[in-house]
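*Asks:* mind looking at a prediction? Sequence and model below.
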Protein chains: 2
Amino acid sequence: MRLVMVGFGVVGRSFVRLLIKRREELLGLYGLKPRLVAVVDRRGAALCEKGLDLESVLKCKEERGSVCESENGREGMDALEAMELVDADVLIDVTPTNLRDAEPSLTYIRRAIRLGMNVITTNKGPLALFMPTLLDLARLNGVVLKFSGTVGGGTPILNFAKKCLCGDRITGIRGILNGTTNYILSRMEEGMEFGEALREAQELGYAEADPSMDVDGLDSAAKLVILANWILGKRATLEDVEVKGIRGIGLEDFEEARRDGSTIKLLCTADKGLRVMPEYVKRGSVLDVKGSLNAVTFISETAGEETVVGKGAGGMETATAILRDLVDIRMGILGDRE
Amino acid sequence: MRLVMVGFGVVGRSFVRLLIKRREELLGLYGLKPRLVAVVDRRGAALCEKGLDLESVLKCKEERGSVCESENGREGMDALEAMELVDADVLIDVTPTNLRDAEPSLTYIRRAIRLGMNVITTNKGPLALFMPTLLDLARLNGVVLKFSGTVGGGTPILNFAKKCLCGDRITGIRGILNGTTNYILSRMEEGMEFGEALREAQELGYAEADPSMDVDGLDSAAKLVILANWILGKRATLEDVEVKGIRGIGLEDFEEARRDGSTIKLLCTADKGLRVMPEYVKRGSVLDVKGSLNAVTFISETAGEETVVGKGAGGMETATAILRDLVDIRMGILGDRE
């Protein structure tokens, strides 16, 4: 399978390392022989019709700052040009999330779909803003759009609901989808002030590029949109979500929660509507997870409430989600038939 | 799809109710038109080549104690005879678990496989004692053996690991697989004596037919065997598990655990070996779930630790697991290729 990767940050490089590590297993178990025919970063691209040498692409990026410095490098070449030049089966989009207009990822994804390529993205922007139409576009073009890594990092929250709860009807979703705010709230529960907890989360590398994405609830809202479209069949976008972040929560609020036997969590809820807001959660209950964990409960009609808990982010974890999507594409499972 | 059901207790009747309720949806979503051509209970069978009327089979069982009293009834007919008489695609085995010799379920399953039928079972006995050979037998005969309902009731613990963590390597499993003992231990943590907590669990209907199955860890061990075979590829049976139950745990043990910031849970662990025993679990950690919940953590190589939490039993919940297996068979997904 021929891959083009756009973006070559922590997640992209982890994915390439995973391809190296799992090479034999992927071939043996799934008959999958991935060939990376192009990688594009901010400064340019590296192309090779027969497949780039993975070790040397990694080495070039790490030592010289851009893949365009390699022997197959093309300085200044962007993703659109690269996709036109190589004949690839799958676009892997690991560009950073932009929740204002989803660019440039949106343009790349649309172009790839129109070129007949399947797409795997870890970018929440295009999905949060245009998911219903992007899924339609993929269906129309007979390709698959996969996005396991956008929600839960390596924790297969989307696939859990799609693949494991079939034969049942999911009527609602409730959960914690942002590890940074959960880390901050967990520290506040222990008595730390908001500002100090935020600084600590940033030092630990939990925060997204822009901390307001986490703290003001936008990252959570984007993930909730993806869940609501994919699992509940809603045609929703970011503007359909009522959003309230965790700024303004003080230690006195935690005191009050404690008297109720509760703590405070930034909960994402999908039932009749979609909302993200700080809510009371009973201490010791399933969604009372600590630190940077994510946890999502699916409320189903006959199997009761099922919860998945795991780390919600991380380079290697998200790379694992991309690899799962690739295996799924290889196994011929169409996105909308799972 | 033509079904034979053996056993017609709470789970079996819940399944038939689910078939009635979901009739249109199953046809629309999966092209699945299940026809129940035989039901067998302790006193006899009811057969109908064109498919039994589901409502009247339920009514007959509830009002007259056995399906053999219906107009299609055959008093004294057993499952082997019924399977020979009707030409069915799937055996649904909901007979009670027997961990001594797995009979009569073992004989039914073997016969069904030899007759070319797929099998869905909720009975832990045959799997705990003979899983490796039964899976071989099914493979040899080109049929599928499914058993989602044996672990976790309606919580898709087995499918989570198989379907959602592919592309990663699961190296260990750790969890709580028995709701009754978890209920008892949760009550003891609150200060109730063992005997009283056990009585309460029995009154609430949580206990299995024989409470020692739960309390002595056998039910947990049987489920651990199923997980180890299916997820870790071990060829293990019940005698490979080191088992210690929760009898003999006193309130003083909980006192000591509390001083360590921990509580006590009956943990099932699969790493190099297989064991079931009471262990300390840190308070507030992911496996510190209360009441009759089940929780299982899968330790994977690159995606980190992923946990599924849900109710581990219940008639309608387990019936949902059977329906999921049936949908999977219908979708042509072979058990060993998922």
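*Replies:* Good, I have the coordinates. If you're wondering where the values come from, they're calculated on a predicted model, not measured in any experiment.
*Asks:* over to A:Val241: give its phi and psi.
*Replies:* phi -100, psi 130 (degrees, to the nearest 10).
*Asks:* let me see the contact set for it.
*Replies:* Applying CB atoms under 8 Å, 6 or more residues apart in numbering or on different chains, we find A:Val241 in contact with A:Ala221, A:Leu224, A:Val225, A:Leu274, A:Arg275, A:Val276. Yep, even glycine has a C-beta here, placed from its N, CA and C like the rest.
*Asks:* for it, name its beta-bridge partners.
*Replies:* Beta bridges link A:Val241 to A:Leu274 when assigned by DSSP bridges.
*Asks:* so A:Glu196, which state does it fall into?
*Replies:* Classification of A:Glu196 by DSSP: H, G, I helix; E, B strand; the rest coil places it in helix.
*Asks:* count of residues packed around the closest residue to it other than its chain neighbours?
*Replies:* When the adjacent residues along the chain are set aside, A:Glu196 lies closest to A:Arg187, with 7.8 Å between them (CB to CB, 6 or more residues apart in numbering or on different chains). Each residue near A:Arg187 was counted by other CB atoms under 10 Å in any protein chain shown, and the total is 19.
*Asks:* give the other helices and strands that the strand or helix carrying A:Arg187 contacts.
*Replies:* Using DSSP states H and E, the element containing A:Arg187 is helix A:179-189. Contact here means 3 or more CB pairs under 8 Å, 6 or more residues apart in numbering or on different chains; DSSP states H and E; on that basis helix A:179-189 packs against helix A:194-203, helix A:211-215, helix A:251-259, strand A:262-270, strand A:293-300.
*Asks:* what pairs with the fourth one, parallel or antiparallel?
*Replies:* Spelled out, that is strand A:262-270. When sheet partners are counted by DSSP bridges, strand A:262-270 sits next to strand A:170-176 (antiparallel), strand A:274-282 (antiparallel).
*Asks:* where along the stretch 1-150 of chain A do the helices fall?
*Replies:* If you assign secondary structure with DSSP state H, counting those that start in this stretch, the helices in the stretch 1-150 of chain A sit at A:10-21, A:23-30, A:54-64, A:79-85, A:105-114, A:124-140.
*Asks:* among these, show the one with the smallest mean pLDDT.
*Replies:* Within the helices of the stretch 1-150 of chain A, the stretch with the lowest mean pLDDT is helix A:23-30, showing a mean of 89.
*Asks:* next one: the residue most central in space within chain A from chain B, what distance?
*Replies:* What sits nearest the mean C-alpha location of chain A, by CA atoms, centre = their mean, is A:Thr150, with 1.4 Å. Per CB to the nearest CB, to the nearest Å, A:Thr150 is found 15 Å from chain B.
*Asks:* isn't that residue right up against A:Lys223?
*Replies:* Yes - distance between A:Thr150 and A:Lys223: 6.7 Å, which falls inside the contact criterion (CB atoms under 8 Å).
*Asks:* hey, what's in contact with both of the two?
*Replies:* Applying CB under 8 Å, 6+ apart, one finds that A:Thr150 and A:Lys223 are jointly contacted by A:Lys124.
*Asks:* now do the contacts for A:Ile299.
*Replies:* Counting by CB under 8 Å, 6+ apart, A:Ile299 makes contact with A:Ile170, A:Thr171, A:Gly172, A:Ile173, A:Arg174, A:Glu305.
*Asks:* could those residues be laid out in JSON lines, adding neighbour count and pLDDT?
*Replies:* Putting these into JSON lines (neighbours: other CB atoms under 10 Å in any protein chain shown; pLDDT from 0 to 100) gives the following:
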{"residue": "A:Ile170", "neighbour count": "20", "pLDDT": "93"}
{"residue": "A:Thr171", "neighbour count": "12", "pLDDT": "93"}
{"residue": "A:Gly172", "neighbour count": "15", "pLDDT": "96"}
{"residue": "A:Ile173", "neighbour count": "22", "pLDDT": "97"}
{"residue": "A:Arg174", "neighbour count": "20", "pLDDT": "98"}
{"residue": "A:Glu305", "neighbour count": "17", "pLDDT": "93"}
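*Asks:* now, among these, which is nearest to chain B?
*Replies:* Of all these, the one with the least separation from chain B (CB to the nearest CB) is A:Glu305, at 6.5 Å.
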